[in-house]
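**Student:** Okay, sequence plus prediction incoming.
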Amino acid sequence: MRAALWIALAAALVLSGVAAAETGQSPDCRRYCLAVEPSAAPEGSVFRFEGRRWRPNRRVTVTFGAYCRPHEACPAIAYFARVRTNGRGRFVFRLRAGQEQPGDAQKGIRTGGVPTFTQRARSGRRVSRTPRYRVIVPASRAAR
């Protein structure tokens, strides 16, 4: 019985470490946490970034670039968006990895890649988080 409990505990720790490694967060994140769903998806998918335990009722600046396939030349353009945390320090930002689709603007979905989330801490320094996620590009399109 005790061995089964230890195996279950070890499996839970490994699985939480795998999920955390995919998003770039430590499993015991205490401040300025960031999760991304899904951690991997095909090109054209919408990724949902959720911040937790950021400074409440404050602005978070999101900086991201144009979406480009891996190994393609990409214009050096930076886009900025601002989101506001709620009273519990949470926010949500959605980003499509691919071409903009009709209705995206009305749904609050931006188009681009590699977002970085930044907020000023109480000390005055800036805290930034860049989540890890993967866009799956079809093999026939990646070779073009």
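**Tutor:** Great, that's in hand.
**Student:** can you pull the pLDDT of residue 69?
**Tutor:** Note for residue 69: predicted pLDDT of 84.
**Student:** OK, contacts around the closest residue to it other than its chain neighbours?
**Tutor:** Distances taken as Cβ to Cβ, 6 or more residues apart in numbering place residue 137 nearest to residue 69, at 5.5 Å, with adjacent residues excluded. (C-beta placed from N, C-alpha, C; glycine too.) Residues counted as contacts of residue 137 (Cβ atoms under 8 Å, 6 or more residues apart in numbering) are 42-43, 69-70.
**Student:** Let's see that with 10 Å instead.
**Tutor:** 42-44, 69-72, 97-98, 143-144 (Cβ atoms under 10 Å, 6 or more residues apart in numbering).
**Student:** Once you drop chain neighbours, what's closest to residue 32?
**Tutor:** Nearest residue to residue 32 in three dimensions, chain neighbours excluded: residue 127, at 5.0 Å (Cβ to Cβ, 6+ apart).
**Student:** Which of the residues in the host helix or strand of the one you found are classified as buried?
**Tutor:** Using DSSP states H and E, the secondary-structure element containing residue 127 is strand 126-129. Buried residues in strand 126-129, counting neighbours by 16 or more other Cβ atoms under 10 Å, are found at residue 129.
**Student:** And for stretch 80-92?
**Tutor:** Residues of stretch 80-92 classed as buried by neighbour count (16+ other Cβ under 10 Å): 81, 83, 85, 89, 91.
**Student:** Make TSV from the residues you listed and add pLDDT and secondary structure to it.
**Tutor:** Written out in TSV, the entries for those read as follows (pLDDT from 0 to 100; DSSP: H, G, I helix; E, B strand; the rest coil):
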residue	pLDDT	secondary structure
81	97	strand
83	97	strand
85	98	coil
89	97	coil
91	98	strand
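**Student:** in the protein, what spans have low per-residue confidence?
**Tutor:** Low-confidence regions of the chain, defined by pLDDT under 70, span residues 1-27, 140-144.
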